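Colleague: Sharing a sequence plus its predicted fold:
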Amino acid sequence: MSTQRNLAVVFALAFGFVSLPMMAATDTVVTVEKTTTTKHHYVYYGEHQIYFAPESKTYYWQQSDGNWHSGTMLPSESQAYVKSGGTEIDLDTDEPFERHDWVVKHYKDKPEDSARDKDGHDHR
């Protein structure tokens with residue numbers, strides 16, 4: 001009888017050691033931390049659908065075909081529109097046109113501030 005009892009104990013211990021890692025794996029807790037969203041600064045020229053990113057000195061503009069373009073210089077016909085004015089905004093995207101609908105909704109009726117007056121720098 002003691003042999004059977006010993007075998008039962010050995011079997012129970014062996015089963016416990018084998019199932020322990022499986023139980024531990026199912027009890028794993030994963031914590032996901034929200035990363036901080038990086039804000040990017042732009043000057044928005046709403047009357048002409050132009051954005052300027054001062055840090056990268058990049059312009060973003062919408063052509064008549066609806067496509068967005070970017071570059072360090074605007075097309076010659078658009079350059080006069082960014083000599084003054086503009087509204088300073090911060091967006092959570094590297095490409096401001098990705099939030100264009102939101103920008104239009106929130107800044108459509110607001111007068112354009114002078115980019116120079118806002119922080120003392122000329123953003124051209």
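Modeller: Looks like it arrived, so ask away.
Colleague: By mean pLDDT, which helix or strand of this structure comes out lowest?
Modeller: helix 115-119 (a mean of 40; mean pLDDT, DSSP states H and E).
Colleague: Which parts of this protein are strands?
Modeller: 40-45, 50-53, 58-62, 68-71, 87-91 (DSSP state E).
Colleague: What segments of this structure are helices?
Modeller: Along the chain, the stretches classed as helices by DSSP state H are 2-26, 100-107, 115-119.
Colleague: so residue 72 touches residue 52, yeah?
Modeller: No. Between residue 72 and residue 52 there is no contact under CB atoms under 8 Å: 10.3 Å. Quick note: C-beta positions are derived from backbone N, CA and C, even for glycine.
Colleague: quick one: which of those two has more around it?
Modeller: Higher neighbour count among residue 72 and residue 52: residue 52, with 23 against 8, using other CB atoms under 10 Å.
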